[in-house]
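Asker: Coordinates for the following, if possible.
(chains A, B and C)
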Amino acid sequence: MALQKIADRVIDTDVLVVGGGIGGCPTAAKATEHGLNVTLLEKSRLERSGKAGQGLDEVGIFPREGLTALEAIKIYTGSGSAAARPGARAYVNPNALYRIFTRAMWALEELERLGVNMRYTDGEYGWMPWGTGAGGRVGPRVELRVHWQNVKPEMAAGVKKKGVKVVERTTVVDLLTNKGKVVGATAINTRTGEFIVIKAKAVVLATGDLERHYNSPTPLSWKYKMGLNTCPASSSGDGHAVAYRAGADLTCMEMMRPGTIRDILLLQPGQFYLNDGISAKVFTATGEETVLPPGPLDYLELERKGLLPLYQTLEHLPDDFQKRLEIHFADEAMIRLKLTADRGFNPRTHRYQVTGDRATRFNNTGIVIDEDFMSSVPGLYGIGECTDTYGIGAGGTATAGFIVGDSIHQYVSKAGEPVPDEAQVESQKQAAMAPLTVKDGVEPMELECSVRQICEDYGGTYKSEGRLREGLRRLGSLRREFLPRLMAANPHYVGRCLEARNIMDLAELHLLASLGRKETRGLYVMLDHLQKDPSLDNKRICQRLEKGKAVLEVRDIPEIKPEYIKENR
Amino acid sequence: MGNVPVKIDYRKCNGCQRCYDLCPMDIFVMDESLKMPRAAYQEECGLCGICWMECPKRAIDIIYPPSMW
Amino acid sequence: MPNIMDEHYEDKFEFPLWRLIKKRAEEKDISYAAAYREVLPEYEKTIRYQDTAWVDAQISQRNKEIAELRERESKKKSGGS
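Answerer: Modelled structure (predicted):
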């Protein structure tokens, strides 16, 4: 077959899972239980990949103790509250969320079966009230505290025991499609340089978030540009990009989430707004206690009054809760114990700056999925942070993974043999390997940082039409001049070039999508359109590629299905 | 060497390769003859600390750069 | 104008848990990750995780303070000029 001539390796599989993180591992493990041949692609190493690589301190939400899935959905999608994680929550697919919430307790059992420790050291489960920025909800204990410093090594061992074919240090290049449905993907091993073709009847994208089109709220060194607050390897939007280029619908790509902490790398907000339920205190620069303002425009108002910066403090936490905080640090990212000691941070006295006016990563934005987690491209599934509905972090993503792993055999049994288009394979190979032949070109980090700077300067928290258009002109110019000159001295840099290309595609889409929302609503601010556009009430904006051009479409936000309301689990 | 995020103390390193195996950004290379790791791609370090916490000899130090201070 | 940060800018401080982890790692010559797993059970025994009534009382107290603060703030907004 000619594929063997184009590729260094051809893999034949039933299900390809792209991304071996907290979502991809459950998906792959579960799918094998239905007799499927499963391949798991991971750009780093399974044991410590993804945002959960350093560890995690909590998993949730598990509707229990009287809290139903429907109630949880209402709380999560925000009905007006200044919830701890503002952003695109209101635009999620409530039916996918319903699936996640109703199967959460089942997922807990599945995680234990996979070999993941879900309990505290005394052998009990660490159930906690639902923590939000507005304080813990006293009542049903639906969040699970976990000592998940070692969740990834445990999961990796479990996955390998199931006979999943794990392909590591291998980054996805693009999806393969034939007659509109997905038939696999191409990939490159970023250590050996092998170009790999994977033929698959179904593909599940579990690639994580997109953050690297903006800088971190913590200022980055001129040289070290990867100090984002979470895993940079799973923040390049690989899944978003390959789905987009394959013609899938994305949504809410204009959305931002203002950062809340200036020193985010040290003091990741995951610990502080949770605090096991006790909210931080907030002070103005003049020492007055206050509450966090609801949105970015309010920060401008505060600055006008001489009240910025705002500071948060944990000095009021009882000793017991101060100890819990230390354990959160150790569970989620132990390095922060050491870095805070170096930097100088005493939670009993420190007041740290909050920055609600600095744009940062997305939330619940990405590939549009239905309640079976299928995208608009047949055979292409998405779970977790690369989709429009990731249902509260690791818990939601793992649950979605188990759901897909458990049901994907139904699609696979009807899918037919995947037949890649050789011309498509060849062109993907050319585009991916080209940087190896370029001399005196541009390094991928430099191009990525230029793209980030454009988003910072021409996008950002406070947008305007003219500035967005100028940003798009500059991005277009960068793309024309430098994308063909991306240079890779070795396969490691080829991986970074693939990421740079994804980041450029998605940054462009982000600015374009922003032009599609000419209004101010919640955390989304357009300075030259300060009013809400009523035609966007209860709508969300979807984006897809059609014949090489981005197409925007306003659509209804999915409504919860009547049968789910009737079921009311 | 100057101020870099990842510093390896070669007096402590036993060449186990754990840092090279686990780094999510793949910033290490193995020196073939010395069988020791080198942080070759410092600019790509995300300061995640996985190498630091997993090293059995505690031979890695992570430095918080001044510009992020 | 006083800035609240002048008092609290930075204290060099090591979390007690971090001190314990370092000590154990050096004593047994193991990784920091392994040392954490060893010291955690003892450290946790001093925390009232399962005392749900007490935890709920702490959370409720803080929520009450926040509610009162929000009320004061909204009175200021509507009452003040």
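
Asker: switch to C-alpha atoms for all contacts and neighbour counts from now on
Answerer: Fine.

Asker: What sits closest to residue 13 if chain neighbours are left out?
Answerer: Here I'm looking at chain A. Here the nearest residue to residue A:13 in space, its sequence neighbours aside, is residue A:200; by Cα to Cα, 6 or more residues apart in numbering or on different chains that works out to 5.0 Å.

Asker: my bad, chain B
Answerer: In space, and not counting its chain neighbours, residue B:13 is closest to residue B:59: 5.5 Å by Cα to Cα, 6+ apart.

Asker: Surely that neighbour touches residue B:8?
Answerer: Yes - with contact defined as Cα atoms under 8 Å, residue B:59 counts as touching residue B:8 (5.7 Å).

Asker: okay, stretch A:248-256 in CSV with CA atoms only?
Answerer: The C-alpha coordinates for stretch A:248-256 follow below in CSV (Å, rounded to 0.1, in the frame of the first residue of the first chain):
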residue,chain,number,x,y,z
ALA,A,248,-15.7,20.7,12.8
ASP,A,249,-17.9,23.3,14.5
LEU,A,250,-16.2,25.2,17.4
THR,A,251,-18.0,27.7,19.7
CYS,A,252,-17.3,30.7,21.9
MET,A,253,-13.8,31.2,20.6
GLU,A,254,-14.2,34.9,21.3
MET,A,255,-14.6,34.3,25.0
MET,A,256,-12.0,35.2,27.6
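
Asker: That stretch: how far from the chain's middle?
Answerer: Relative to the chain's own centre, stretch A:248-256 is displaced by 12 Å; criterion: Cα atoms, centre = their mean, to the nearest Å.

Asker: tell me the pLDDT at the residue nearest to residue B:13?
Answerer: Note for residue B:59: predicted pLDDT of 98.

Asker: got the residues of the stretch 351-500 of chain A near chain B?
Answerer: residue A:492 (Cα under 8 Å from any Cα of the partner chain).

Asker: With adjacent residues omitted, what lies nearest to residue B:37?
Answerer: Among residues not flanking residue B:37 along the chain, residue B:30 sits closest, at 4.4 Å (Cα to Cα, 6+ apart).

Asker: Check which helix or strand that neighbour maps to.
Answerer: Counting by DSSP states H and E, the element that carries residue B:30 is strand B:28-31.

Asker: And what about the residue in chain B that chain C sits nearest to, helix, strand or coil?
Answerer: Going by Cα to the nearest Cα, chain C is nearest to residue B:56 of chain B, at 4.2 Å. Judged by DSSP: H, G, I helix; E, B strand; the rest coil, the three-state class of residue B:56 is coil.

Asker: Let me see the contact set for it.
Answerer: By Cα atoms under 8 Å, 6 or more residues apart in numbering or on different chains, the contact list for residue B:56 reads C:29, C:30, C:31, C:32.

Asker: ok, now how distant is it from residue C:24?
Answerer: Distance, residue B:56 to residue C:24, using Cα to Cα, to the nearest Å: 13 Å.

Asker: again with residue A:28
Answerer: Distance from residue A:28 to residue C:24, by Cα to Cα: 37 Å.

Asker: Look at those two and report which has more neighbours.
Answerer: Set residue A:28 next to residue C:24 and count neighbours by other Cα atoms under 10 Å in any protein chain shown: residue A:28 wins out with 34 against 19.

Asker: The more buried one contacts residue A:14, correct?
Answerer: No - if you go by Cα under 8 Å, residue A:28 and residue A:14 don't touch, sitting 10.9 Å apart.

Asker: any residues in contact with both of those two?
Answerer: By Cα under 8 Å, 6+ apart, residue A:28 and residue A:14 have these common neighbours: A:38, A:39.

Asker: pLDDT weak spots in the chain?
Answerer: All of this refers to chain A. Scanning chain A for pLDDT under 70 picks out A:1, A:79-89, A:132-135, A:269-274, A:359-364, A:391.

Asker: try chain C instead
Answerer: Along chain C, the parts satisfying pLDDT under 70 run over C:1-9, C:79-81.

Asker: Where does it get nearest to chain B, residue-wise?
Answerer: With Cα to the nearest Cα, the shortest gap between chain C and chain B falls at residue C:31, namely 4.2 Å.

Asker: Now do the closest residue to that residue other than its chain neighbours, the pLDDT please.
Answerer: Once flanking residues are discounted, residue C:31 sits nearest to residue B:56: 4.2 Å by Cα to Cα, 6+ apart. For residue B:56, the model assigns a pLDDT of 98.

Asker: Show me the longest helix that occurs in the chain.
Answerer: Just so you know, I chose chain A. If each helix of chain A is counted by residues according to DSSP state H, the longest one is helix A:491-515.

Asker: Can you look at chain C instead?
Answerer: Using DSSP H, we find that the single longest helix of chain C is helix C:52-79.

Asker: what about that helix, distance to the chain center?
Answerer: 18 Å.

Asker: Stretch A:98-115 too?
Answerer: Relative to its parent chain, stretch A:98-115 has a centroid offset of 20 Å by Cα atoms, centre = their mean.

Asker: So which bits of that stretch are buried?
Answerer: Neighbour counts over stretch A:98-115 (16 or more other Cα atoms under 10 Å in any protein chain shown) mark A:98-105, A:107-108, A:110-111, A:114-115 as buried.

Asker: How about residues contacting it?
Answerer: In contact with stretch A:98-115 (Cα under 8 Å, 6+ apart) are residues A:26, A:29, A:61-63, A:69-70, A:72-73, A:117-118, A:154-155, A:157-159, A:371, A:391, A:395-396, A:398-400, A:402-403, A:564, A:569.
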